[in-house]
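A.B. asks: Next come a sequence and a model predicted from it.
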Amino acid sequence: MDSFDNRPLSDEATPRPAAPHRELGTGDNGSILSPDQLGELSERGLTVACGLFNERECLALGSAYAETPLYRSTIDMRRHGFGEGQYRYFRYPLPGFLQRHREQLYRSLVPVANEWRAIRGLTSLPAEHADYIRCCHEAGQVRPTPLILRYGPGDYNRLHQDIYGEHVFPIQAVVMLSRPGEEFTGGELVLVEQKPRSQSRAKVVPLRTGDAALFAVNEFPARGSRGHYHLKMRHGVSEVLNGERLTLGIIFHDAR
Ligand SMILES: O=C(O)CCC(=O)C(=O)O
Ligand SMILES: [Fe+2]
């Protein structure tokens, strides 16, 4: 069972000043993302949902980093040439609220994913994550991909793409669990966009605690004068200068 959900989440933690949150969930489109956010994601391959995770959820996930039984594997980034730092993939069942966020986010993101797929001439993905994950599992992609990443001073994450098999849900989320500027400095999330026959463009994504960056996993379409072209995306993290930086990654496909 999901013991994680029953753990006492301390309400006595030092209250953080509330960030001025961008509106989440207009209700009109049944999405936790506003039409503006979905439009920005669709056209630019990136949007930020401020305060998607609340303070309790961030604290709970941050302090759960040390709880080994929650994870299926722990990766030393240096050993694999991925950078410096460590990350841990959750095992199933995911903590209840993480499972709910993954399903709810999927439901909000799948219209953009399907719009991108239609431009590529690909079939639509199911509206519900449970049905999508069944397709992954049937294709042998059975290992859960949500993860927590931990970076200390000098740690960083090389530019990469999180593709784990034939099934690739084209959007992923990175949620900031730590308090930037207080708990760590440096460590910016960086996206690099590659337009065909052009030099690369970098985008630094400022995130506060609980904010989620939502961005293209491998590519997204843009309209050109002669139809669509595709921009390749890679993401990484600049060097952490001081302190400890924890993030949650939510990837919607599973891994082989
Ligand atoms: O730590 C970050 O900001 C990036 C995490 C990441 O690469 C991922 O979740 O796929
Ligand atoms: Fe990643």
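C.D. replies: Right, received. Where do you want to start? Since the structure is predicted, the reported quantities are computational estimates derived from the model, not experimental observations. Ligands and ions are numbered 1, 2, ... in the order given.

A.B. asks: Which helix or strand contains whatever residue of the stretch 151-256 of the chain ends up closest to ligand 1?
C.D. replies: Nearest to ligand 1 in the stretch 151-256 of the chain, going by Cβ to the nearest ligand atom, is Gly249, at a distance of 2.2 Å. C-betas here are computed from N, CA, C, even on glycine. Assigned by DSSP states H and E, Gly249 belongs to strand 245-250.

A.B. asks: Same question for Val110.
C.D. replies: With DSSP H and E as criterion, Val110 is part of helix 96-119.

A.B. asks: what about that helix, distance to the chain center?
C.D. replies: Computed by Cα atoms, centre = their mean, to the nearest Å, the separation of helix 96-119 from the middle of its chain amounts to 11 Å.

A.B. asks: Name the helix or strand of the chain that has the lowest mean pLDDT.
C.D. replies: None of the helices or strands of the chain scores lower by mean pLDDT, DSSP states H and E than helix 3-6, at a mean of 48.

A.B. asks: Could I get the CA-only coordinates of whichever helix or strand comes after that one as PDB?
C.D. replies: Proceeding N to C from helix 3-6, the next assigned helix or strand is helix 35-44, under DSSP H and E. Extracted in PDB, the C-alpha atoms of helix 35-44 (Å, rounded to 0.1, in the frame of the first residue of the first chain):
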ATOM      1  CA  PRO A  35      -5.500  28.100 -22.400                       C
ATOM      2  CA  ASP A  36      -2.600  30.600 -22.500                       C
ATOM      3  CA  GLN A  37      -0.200  28.100 -21.000                       C
ATOM      4  CA  LEU A  38      -1.300  25.400 -23.400                       C
ATOM      5  CA  GLY A  39      -0.900  27.800 -26.300                       C
ATOM      6  CA  GLU A  40       2.600  28.800 -25.200                       C
ATOM      7  CA  LEU A  41       3.600  25.200 -24.800                       C
ATOM      8  CA  SER A  42       2.100  24.300 -28.200                       C
ATOM      9  CA  GLU A  43       3.900  27.100 -30.000                       C
ATOM     10  CA  ARG A  44       7.100  27.500 -28.100                       C
END
